[in-house]
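J.: Just the structure for this:
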Amino acid sequence: LTVYPHNAVPSHNLHANIKSELSDGDAIYNVSVLFKSFPFTATYPIPVYPPAKISRSGLNGLDPCLTLVKQKKAWEYYKDVLLNSCDKSMLEDISSGDDIKEKFQVNVHPNVALLTTHMENDPDQYFNATYNWYFSGSNIEIINAGDRKYLMRPNGSTGEILFSPLILHQNQWMPESEFDDELKFNLKNSNPPCQVDAINNNVLVREKTRICHLMLKENSDKMFIEQLCDITGSVNNPFICASINKENVNEFCTLTPNELFVW
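T.: Numbers count the residues shown, from 1 in each chain. Now for the predicted structure:
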């Protein structure tokens, strides 16, 4: 961690006291193989379900959670380059927007003009962190629809929300190996889902500038997905968090940098 940023090490610290073995029936599994000293103790990431159709960009490490982090880092670097190319006197000669009473024209240094243009191309004016907190919510959930259970997760390569049926196997819920009964909802948007929130058969999908409220319903022994609402926000006021009301599943709230809404 002294060499690479924390998001390059997919692990988390553990407490010191932990059992060295876990018993699973007759099989004894030594969990010590999951740990390695860095010198701290950390877990290796263990997939609990195979991702759906990982794209080549995903295999090459272009994680959607890191895209904005890298864009902002590159933007900050070029901003510093432009600032260093501008003398302090160049910037002091320019009045702030609050002091301007009427339109007027002024000659500025080319580097100042480049800096102004660059400031307008900020990837996200609210974001300034080494991890993408837009993805701070969970994007995998278990959905209860009647007597059926579904594992809900996004498919980053197609922009779909997948609902995979779960079956009870040896007292454990496991994903069905056959995907004929898998339900899909196409978001028709290239932006990856940042968060999903679910209560029973109600699902709330949050993107950076979009909220979708879905419901799983049954008709003639067949499950289908109904879209209850679709809210489009603004890049200047993105959605940071969203949550369904536990007392009234038809109601939900959204949080932006400036406002808290109840829908």
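J.: count of neighbours near residue 84?
T.: Other residues within reach of residue 84, judged by other Cβ atoms under 10 Å, total 9. All C-beta spots, glycine's among them, are computed from the backbone N, C-alpha and C.
J.: check contacts around it.
T.: Contact analysis of residue 84 by Cβ atoms under 8 Å, 6 or more residues apart in numbering lists nothing.
J.: Which parts of the stretch 51-200 of the chain are helices?
T.: Applying DSSP state H, counting those that start in this stretch to the stretch 51-200 of the chain gives helices spanning 56-59, 64-85, 88-92, 110-120.
J.: Residue 154 is nearest to which of the ones you listed?
T.: Residue 154 lies closest to helix 64-85 among those, at 9.3 Å (Cβ to Cβ).
J.: before we move on, back to that, now the helices of the stretch 51-200 of the chain as a markdown table including distance to residue 233 and mean pLDDT?
T.: Below are these laid out as a markdown table (distance: least, Cβ to Cβ, whole Å; pLDDT from 0 to 100):
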| stretch | distance to residue 233 | mean pLDDT |
| --- | --- | --- |
| helix 56-59 | 25 | 54 |
| helix 64-85 | 16 | 85 |
| helix 88-92 | 33 | 58 |
| helix 110-120 | 20 | 83 |
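J.: Can you add distance to residue 224 and give these back as a markdown table?
T.: As requested, the helices of the stretch 51-200 of the chain are exported to a markdown table (distance: least, Cβ to Cβ, whole Å):
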| stretch | distance to residue 224 |
| --- | --- |
| helix 56-59 | 29 |
| helix 64-85 | 28 |
| helix 88-92 | 59 |
| helix 110-120 | 44 |
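J.: low pLDDT regions in this protein?
T.: 1-63, 87-104, 106-107, 156-158, 170-180, 190 (pLDDT under 70).
J.: so residue 226 touches residue 218, yeah?
T.: No: counting by Cβ atoms under 8 Å, residue 226 stays clear of residue 218, with 10.9 Å between them.
J.: Please name whichever of the helices of the stretch 51-200 of the chain is nearest to residue 128.
T.: Residue 128 sits nearest to helix 64-85 of all the helices of the stretch 51-200 of the chain, at 7.0 Å, using Cβ to Cβ.
J.: relative orientation of that closest one and helix 110-120 in degrees?
T.: 160 degrees (axes from the mean of the first three to the mean of the last three Cα atoms, to 10 degrees).
J.: Mind listing what's buried along helix 64-85?
T.: Residues of helix 64-85 classed as buried: 64, 65, 66, 68, 69, 72, 75, 82 (neighbour count, 16 or more other Cβ atoms under 10 Å).
J.: contacting residues for the last one?
T.: Taking Cβ under 8 Å, 6+ apart as the contact definition, residue 82 lies against 111, 114, 115, 118.
J.: any idea how far the spatially closest residue to it that is not a sequence neighbour is from residue 121?
T.: Among residues not flanking residue 82 along the chain, residue 115 sits closest, at 4.3 Å (Cβ to Cβ, 6 or more residues apart in numbering). According to Cβ to Cβ, to the nearest Å, residue 115 stands 11 Å off from residue 121.
J.: who has more neighbours, these two?
T.: Neighbour totals were compared for residue 115 and residue 121, and residue 115 leads with 20 against 9 (other Cβ under 10 Å).
J.: returning to what we had before: and of the buried residues of helix 64-85, the nearest to residue 135?
T.: residue 65 (4.8 Å).
J.: Could you check how far the closest one is from residue 134?
T.: The value you get for residue 65 to residue 134, if Cβ to Cβ is used, is 8 Å.
J.: try residue 206
T.: 9 Å.
J.: Residue 150 now?
T.: Computed as Cβ to Cβ, the residue 150 to residue 134 distance reads 25 Å.
J.: now swap in residue 164 and tell me
T.: Distance, residue 164 to residue 134, using Cβ to Cβ: 25 Å.
J.: Looking at these two now, which is surrounded by more residues?
T.: For residue 164 versus residue 134, neighbours defined as other Cβ under 10 Å are more numerous around residue 134 (23 against 20).
J.: can you pull the contacts of the more buried one?
T.: Contact analysis of residue 134 by Cβ under 8 Å, 6+ apart lists 68, 127, 194, 208, 238, 240.
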